[in-house]
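# Let me see the structure of the following:
(chains A, B, C and D)
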4 protein chains.
Amino acid sequence: MIIVMKAESTKEDVAHVLKEIEKTGLKGVLLQGTNRNVIAVIGDERILPQDFWDVLPGVEKSVPILAPYKLASREGKDFNTIIHLPNGKTIGGEKIAVIAGPCAIESKEQIVEIAKRVKDAGATAIRGGAFKPRSNPYTFQGLMEEGLIHMAHARDVTGLPIVTEILTPEHVKLVSKYSDILQVGTRNMQNFLLLRAVGESGKPVILKRGMSATHDEFLLAAEYILSQNNPNVILCERGIRTFETFTRFTLSLSIVPVLKEMTHLPVIVDPSHGTGKRSLVNPMSKGAIAVGADGLIIETHPDPEKSFVDGPQTIDLDAFAQLMEELKPVARAVGREI
Amino acid sequence: MIIVMKAESTKEDVAHVLKEIEKTGLKGVLLQGTNRNVIAVIGDERILPQDFWDVLPGVEKSVPILAPYKLASREGKDFNTIIHLPNGKTIGGEKIAVIAGPCAIESKEQIVEIAKRVKDAGATAIRGGAFKPRSNPYTFQGLMEEGLIHMAHARDVTGLPIVTEILTPEHVKLVSKYSDILQVGTRNMQNFLLLRAVGESGKPVILKRGMSATHDEFLLAAEYILSQNNPNVILCERGIRTFETFTRFTLSLSIVPVLKEMTHLPVIVDPSHGTGKRSLVNPMSKGAIAVGADGLIIETHPDPEKSFVDGPQTIDLDAFAQLMEELKPVARAVGREI
Amino acid sequence: MIIVMKAESTKEDVAHVLKEIEKTGLKGVLLQGTNRNVIAVIGDERILPQDFWDVLPGVEKSVPILAPYKLASREGKDFNTIIHLPNGKTIGGEKIAVIAGPCAIESKEQIVEIAKRVKDAGATAIRGGAFKPRSNPYTFQGLMEEGLIHMAHARDVTGLPIVTEILTPEHVKLVSKYSDILQVGTRNMQNFLLLRAVGESGKPVILKRGMSATHDEFLLAAEYILSQNNPNVILCERGIRTFETFTRFTLSLSIVPVLKEMTHLPVIVDPSHGTGKRSLVNPMSKGAIAVGADGLIIETHPDPEKSFVDGPQTIDLDAFAQLMEELKPVARAVGREI
Amino acid sequence: MIIVMKAESTKEDVAHVLKEIEKTGLKGVLLQGTNRNVIAVIGDERILPQDFWDVLPGVEKSVPILAPYKLASREGKDFNTIIHLPNGKTIGGEKIAVIAGPCAIESKEQIVEIAKRVKDAGATAIRGGAFKPRSNPYTFQGLMEEGLIHMAHARDVTGLPIVTEILTPEHVKLVSKYSDILQVGTRNMQNFLLLRAVGESGKPVILKRGMSATHDEFLLAAEYILSQNNPNVILCERGIRTFETFTRFTLSLSIVPVLKEMTHLPVIVDPSHGTGKRSLVNPMSKGAIAVGADGLIIETHPDPEKSFVDGPQTIDLDAFAQLMEELKPVARAVGREI
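Numbers count the residues shown, from 1 in each chain, chains lettered A, B, ... in the order given. Predicted coordinates:
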């Protein structure tokens, strides 16, 4: 870490900072510049929160040198994490994983039909929401455990692993009973009690980026899960909030290669929530593969017009099958397969 | 609601939309424009999610006319909600409420000292965090129930009501036992299970704006609580995420008069989290009062340098007392008192 | 247009709005809703600025139905605009156009070497900046006319058309003398005098999206140029300003398919400025092609380390040639060639 | 400056960086950390663009220590700049300056009436736009020189100095002939040729913050003007672009105390453009004074409903006079007068 002193800081301020550094067992080196004094801290600065240094008298700012996420960081790790799923498939390897299904589970028949069709089209796993509390308190809130049972049935029929969102630590036991992968949604990316709970579950976790989370906050949230000895974290870009209003969110594909540089964890993309528009799912899926994503998560429904939730961003099953065909050459063009 | 049809939509599309409107019991009126057909929907459009209309074939977009938050909306309500606190004080009336205290409760002595000092300075209530899971998993996470007990003790000594943050539905019973006001943090503004739980508790709730929440989403989150027959919701602006990096967030004071136009609920401001900088707490508190806020929530600590959490944005107790003095003429200048 | 009246608006307010509509030659239809009155305006609402309606007494808001950009809009136009360049190449057709070159022209030798190399790699045109006033007044500001002369020489040698940025209406004559395509930069997207001047020049114009411009503002800026009877406008996404700081800007690839739906104009992408990082140019170029861009504009330099300007985002000539090879299968995968 | 080397950087990389530092005449000090090497640069790092260091092999990032704006920075300057206006009034001193007038000059009678009325209410100067090219090419574009002549007449009648916006370097001579203060608009904040031209004019300049400019970019733009030996720069916050859509922009009042910490230049606020809503002008003006602004710039018009431009954000002359009365106690509350 580098601590920059204010121009008007005193000798006493400097001495005090150096003493505080010493107390922590780190080593401080004073550099007297023309306009400013700067103190370099030698050693692993992550033993104390950075805040600590910023409030010492005479300090202008502190600049961290090491990434605050030790486990998620690629530094010192020369591998890519590969998540192994029940059906023998993987997320994070050469093969691109595609998770598909409806936003909300509506009935047993619905989820089984969808599971069969997306399996035929080449999907890796099925997704579906059982708990759907939404922004508007007056709308459909999900089938809850009944939905999970339907999903488990769809898995029995097709062999596809299940992905479902988890909303609160209390549900971890229940959802883990049925689901193969737990999903933490964008609104819960910094729900630290939930992160701890899914970490302790040991299940693979899809962690969706908070809609206004920086890459650092995203990786720190992953670190929360990893620090519970659960190495199976999949990062998912799902659109960030910007000033642009044509799309509901701005799908930030550039975070994919950024994350691939910074972490060994797999990175997938959700073009459905990330755009909020059905017509953009196809091109943005191709874009996601082209920039290096390890997978996609796509909302699909037999009849999006009749979908209970998120119809505008949902594609139908024929469009999904067509998309899977069109993704094959894109994957090959970047040295992957799907 | 207004439904705008695409330029290329067919007669059948129009007929289909009109039929769907009829099914809901609303009335559709077709307006044939020069370039577009537009359908006006007469009646309370909020019986169905807006999404529903956007996915019908031939529809370009639907434009809501009525605010989706019926209870929070000022429409049809010619009063301001006033929250009555245990010590006879109020939030939302003529008098400006000031809630002060440390980010995290560190010890009984600490919280009692702070409570006494902020009471002397004129504070309305004390705040303090007992559960502090933070972005970085390797840092201090709070005293939990022990912290609540210390806070209750500080209330016994000073008579000041207690505000504390609640993180998960499971904690509602425990925290309600000690705390007079429950606070829902920015990262939980759309944690709908938590909103429901604090709604059911009947306790007054400070709802902090999500750091990337629009005013509509903010009011819908309030609606969630109100719809559990809990009318005691206090809205709190605490800074939004923008491209500016000098302050940790951008405190958006303009949302205060915007909310006062749209809702009857009290609106307070958190200049500590909203700026992340100690030196900005004083001017932004004055600004908040000047634009019409009903109160402030301010982080204060006897020795911010030694504060476990959020030191950089915390002012010391002398600075708090000084601030309270300086706020008095500002409050009077806008016809309020403090 | 739809005019929504306030809940508390009077009969007189409604009558006044209807009279104002009548004055303009349009037709107003009053719809009396349960909670609100709404007035539908029949006819081409674009004859008056929308502001006009918003300030009438009793009006809550007005909602436009027609896009304010008539010429740029795809509505009523079933073609894609193709720009024809001097060397027989095109922008906007099946073939993807790649414009490459240094941020700033440094010398005749430099630009000729680059032009030869990028031509060999398959580039469509060369770019280079002659006027480089930058954020920091104490840094290199460009070779000015000398730079243009060097570029013209590079065109003579290679046959590649020239793209150069224009900063002020005064320069249009000078730059048009040398350059085949004029570029309007992100900081000038709403410099309306400049838009008019490049419109009058008749030269093809690359219009870069303002770093905080919505798609509507972007298309209105294009409309400014088109309305001077200059149909040769190329839209260029170059990154928007968001809260994310790892990349200098957030390259918003989703605007590419959005624009392709809304306008017949070609859309290209600048992954160099749009990310600010050399390592991201390759993956984001592939992503741009995959989402449907008609071209790319890429900063390349023989020795980025010695580049006067924007070194961190510039790739070297070998990396450019390699990128061109890698883009070929991506283009084929989406039915294009490069 | 601090240069952080990559974990995988070599001894040669470090030696190369040290050699490059030496070449510039600065001094490099190598600090060998546990995980990283860091090089501290002693001396005034601003002699080279920061980019220069970022592209050297093995460099992870460089961290500047000194603000890149030497003249605008408060460092080493213990005064506040006070701008002296023709009528003996000032901007930047104890007294708060209020600049008022219409968005666009519409006629001699209009501007004279407004000038008289705002003078009576206590305004410091009048503003009015003569050149009004707007986002939509099909709307009113301003009276041009005729408008300037009308403004000069209004000054003759009232003695109030004139503020008018300048759009392009070509206009500087013309506008300077009539106007006492030149205004650079938000869309031109990084129009460096214009900044240089207004700098050379020697006239006081109101520099509006770009709608997506950071505080650093804002101060660098001021530096451009100051570096032409024109010390008379007034900074103006006018709203930034964020995800919030209720107000046209988000007026960022927190930048006022931030700028007051960083620079000696006066800071004023434009609540009209900064909110886009008439009803917010009054509270946000009070907020601006309370947070420490040195002045306001307010759009006012005898009949906003009939205003050619920007009606929705314009207040009428009675509302302006009322506002001026209401601002007096707010100014007094923060130790200022108006």
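
# start to end distance for stretch A:54-64?
End-to-end span of stretch A:54-64 (CA to CA, to the nearest Å): 11 Å.

# before we move on, what about stretch A:297-313?
Distance between the boundary residues of stretch A:297-313 (CA to CA) amounts to 12 Å.

# Using neighbour counts, pick out the buried residues of that stretch.
Going by neighbour count (16 or more other CB atoms under 10 Å in any protein chain shown), the buried part of stretch A:297-313 is A:297-302, A:304-305, A:307-313. The way it works is simple: take the backbone N, C-alpha and C, and place the C-beta from them, glycine included.

# which helices and strands sit right next to the strand or helix carrying residue A:287?
Assessed by DSSP states H and E, residue A:287 sits inside helix A:278-290. Contacts of helix A:278-290 with other secondary structure elements, assessed using 3 or more CB pairs under 8 Å, 6 or more residues apart in numbering or on different chains; DSSP states H and E, are made with strand A:267-269, helix A:271-275, strand A:295-299, helix A:317-333, helix C:255-262, helix C:278-290.

# redo that, cut-off 6 Å
Counting contacts by 3 or more CB pairs under 6 Å, 6 or more residues apart in numbering or on different chains; DSSP states H and E, the secondary-structure elements packed against helix A:278-290 are helix A:271-275, helix A:317-333, helix C:278-290.

# Is the first one in proximity to chain B?
If I follow you right, that is helix A:271-275. No - Helix A:271-275 lies out of reach of chain B by CB under 6 Å from any CB of the partner chain, never closer than 12.9 Å.

# How about the residues of chain A by chain B?
Taking CB under 6 Å from any CB as the criterion, chain A approaches chain B at residues A:49, A:51, A:54-55, A:68, A:133, A:135-137, A:139, A:167-170, A:187, A:190, A:192-193, A:211-212, A:220, A:223-224, A:227, A:241, A:304-305, A:311-312.

# which residues touch the lowest-mean-pLDDT helix or strand in chain A?
Ranked by mean pLDDT, DSSP states H and E, the weakest helix or strand in chain A is helix A:51-54, scoring a mean of 77. Contact partners of helix A:51-54, identified using CB atoms under 6 Å, 6 or more residues apart in numbering or on different chains, comprise A:3, A:62, B:311-312.

# out of the residues you listed, which are inside strands?
By the criterion of DSSP state E, membership of these in strands covers A:3, A:62.

# just curious, which of the contacts of helix A:51-54 is nearest to residue D:151?
Among the contacts of helix A:51-54, residue B:312 lies closest to residue D:151 (CB to CB), at 47.0 Å.

# Could you report the pLDDT at the closest one?
Listed pLDDT for residue B:312 reads 83.

# tell me the contacts of it?
By CB under 6 Å, 6+ apart, the contact list for residue B:312 reads A:51, A:54-55.

# Now do the helices for chain A: every range, in order, please.
Across chain A, reading from the start of the chain, the helices by DSSP state H fall at A:11-23, A:51-54, A:108-121, A:145-158, A:172-178, A:192-201, A:215-226, A:255-262, A:271-275, A:278-290, A:317-333.

# Could you save those helices as a markdown table and add columns showing mean neighbour count and distance to residue D:279?
Rendered in a markdown table, the data for those read as follows (neighbours: other CB atoms under 10 Å in any protein chain shown; distance: least, CB to CB, whole Å):
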| stretch | mean neighbour count | distance to residue D:279 |
| --- | --- | --- |
| helix A:11-23 | 15 | 48 |
| helix A:51-54 | 21 | 39 |
| helix A:108-121 | 20 | 48 |
| helix A:145-158 | 19 | 46 |
| helix A:172-178 | 16 | 47 |
| helix A:192-201 | 23 | 40 |
| helix A:215-226 | 24 | 36 |
| helix A:255-262 | 22 | 39 |
| helix A:271-275 | 28 | 34 |
| helix A:278-290 | 26 | 36 |
| helix A:317-333 | 18 | 46 |
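
# For the ones you listed, which has the smallest mean pLDDT value?
Taking each of the helices of chain A in turn, the one with the lowest mean pLDDT is helix A:51-54, at a mean of 77.

# what about residue A:7, how many neighbours?
Around residue A:7 there are 15 other residues, counting by other CB atoms under 10 Å in any protein chain shown.

# Phi and psi next, for it.
When quoted as degrees, to the nearest 10, the phi and psi of residue A:7 stand at phi -60, psi -40.

# give the contact list for it.
Shown here is residue A:7, whose contacts under the criterion CB under 6 Å, 6+ apart are residue D:75.

# and the gap between the residue lying closest to residue A:178 once chain neighbours are set aside and chain B?
If you skip the residues right next to it in sequence, residue A:178 has residue A:148 as its closest partner in space, 4.1 Å away by CB to CB, 6 or more residues apart in numbering or on different chains. Using CB to the nearest CB, to the nearest Å, one gets 16 Å for the distance from residue A:148 to chain B.

# Kindly report the same for residue A:142.
From residue A:142 over to chain B the distance is 10 Å, taken as CB to the nearest CB.

# Could you do residue A:178 as well?
Shown here: residue A:178 relative to chain B, a distance of 18 Å by CB to the nearest CB.

# Count the neighbours of the closest residue to residue A:248 other than its chain neighbours for me.
By the measure of CB to CB, 6+ apart, the closest residue to residue A:248 outside its immediate chain neighbours is residue A:276, 3.0 Å from it. Burial of residue A:276 is recorded as 21 neighbouring residues (other CB under 10 Å).

# Go ahead and confirm residue A:297 touches residue A:270.
Yes - in this structure, residue A:297 is within contact of residue A:270 by CB atoms under 6 Å, at 4.6 Å.

# Please list the outside residues in contact with stretch A:115-124.
Taking CB under 6 Å, 6+ apart as the rule, stretch A:115-124 contacts A:89, A:97-98, A:100, A:126, A:154, A:158, A:160, A:317, A:320-321, A:324.

# re the thing from before, quick check: the farthest pair among the buried residues of stretch A:297-313?
Comparing all pairs in the buried residues of stretch A:297-313 by CB to CB, the longest separation belongs to A:297 and A:305, at 21.7 Å.

# if we can go back for a sec, so the helix holding residue A:287 versus helix A:317-333, what angle?
Orientation note: helix A:278-290 sits at an angle of 20 degrees relative to helix A:317-333 (axes from the mean of the first three to the mean of the last three CA atoms, to 10 degrees).

# by how many degrees do helix A:278-290 and helix C:255-262 diverge?
For helix A:278-290 and helix C:255-262, the angle between their directions (the same axes, to 10 degrees) works out to 150 degrees.

# Stretch A:237-247 close to chain C?
Yes - residues of stretch A:237-247 contacting chain C under CB under 6 Å from any CB: A:242, A:244, A:246-247.

# For the nearest residue to residue A:18 once chain neighbours are set aside, report the pLDDT, please.
Nearest in space to residue A:18, with sequence neighbours left out and distances taken as CB to CB, 6+ apart, is residue A:28 at 4.6 Å. Confidence at residue A:28, expressed as pLDDT, is 88.

# How about residue A:306?
Reading off the per-residue confidence, residue A:306 sits at a pLDDT of 75.

# residues touching it, list them.
Here residue A:306 is in contact with no residue (CB under 6 Å, 6+ apart).

# how near is it to chain D?
30 Å.

# for residue A:163, same thing?
For residue A:163, the distance to chain D - CB to the nearest CB - is 28 Å.

# Residue A:83 now?
Residue A:83 sits 26 Å away from chain D, going by CB to the nearest CB.

# In contact with the residue lying closest to that residue once chain neighbours are set aside, which residues are there?
Beyond its immediate neighbours in the sequence, the residue positioned closest to residue A:83 (CB to CB, 6+ apart) is residue A:91, lying 4.3 Å away. With contact set as CB under 6 Å, 6+ apart, residue A:91 has these partners: A:83, A:97, A:234, A:266, A:295.
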